[in-house]
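Engineer: let's see this in three dimensions:
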Amino acid sequence: MTITIAEIGGWIGSILYVIAYLLLTLKKLDANNPLYHLLNILGAVGLIINAFHWGDLPSVAVNIVWMIIGSFALLMIIRDRRNRAA
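Structural biologist: Reported below is the predicted structural model:
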C-alpha cells in the first residue's frame with residue numbers, strides 16, 4: 001500500500017481541524033484569534049486536496065473526533081451552569 005501526497009494532505013488537514021477545534025474548546029484560542037482561522041484554512045486545503053484525489057476517510061475520522069470534542073464541550077458547559085446555579 002502506497003501512501004500518496006493527497007492522503008497525507010487529508011490526514012494533516014483533519015489533524016489541523018481537530019487541533020483548531022480542541023484549542024477553541026479548551027479556551028486556548030477564541031474565534032477572534034487569527035491562528036484559529038489559519039489552522040482551519042490549512043486544514044481545509046489538506047482536505048480539499050484529499051477529497052479531489054481520493055475517497056473521504058479523513059473526513060469520516062475528523063467528524064467522529066469533532067463529535068467527541070463537541071460532546072466534551074457540551075458537558076463542560078452543563079457543568080459550569082450547574083456550578084453557577086449552586
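Engineer: next, W11: secondary structure please.
Structural biologist: Under DSSP: H, G, I helix; E, B strand; the rest coil, W11 falls in the helix class.
Engineer: pLDDT at it, what is it?
Structural biologist: Among the per-residue scores, W11 shows a pLDDT of 89.
Engineer: repeat that for F72.
Structural biologist: Value for F72, per-residue pLDDT: 86.
Engineer: contacts only, for it.
Structural biologist: Going by C-beta atoms under 8 Å, 6 or more residues apart in numbering, F72 touches T25. Any C-beta I mention is one placed from the backbone N, CA and C, and that applies to glycine too.
Engineer: helix or strand for it, which one?
Structural biologist: Using DSSP states H and E, F72 sits within helix 57-85.
Engineer: same thing with I41?
Structural biologist: Element membership for I41 (DSSP H and E) is helix 34-53.
Engineer: who touches that helix?
Structural biologist: So helix 34-53 is contacted by 4-7, 9-17, 19-20, 23-24, 29-30, 58-59, 62 (C-beta under 8 Å, 6+ apart).
Engineer: what of stretch 7-23?
Structural biologist: For stretch 7-23, the surrounding residues in contact (C-beta under 8 Å, 6+ apart) are 29, 36, 39-40, 42-51, 54, 57-59, 61-62, 65-66, 69-70.
Engineer: and with 7 Å instead?
Structural biologist: Outside of stretch 7-23, the residues within contact range by C-beta atoms under 7 Å, 6 or more residues apart in numbering are 29, 36, 39-40, 42-47, 49-50, 54, 58, 61-62, 65-66, 69.
Engineer: so where's this protein shaky on pLDDT?
Structural biologist: Applying pLDDT under 70 to the chain picks out residues 58, 60, 63-64, 66-67, 70-71, 73.
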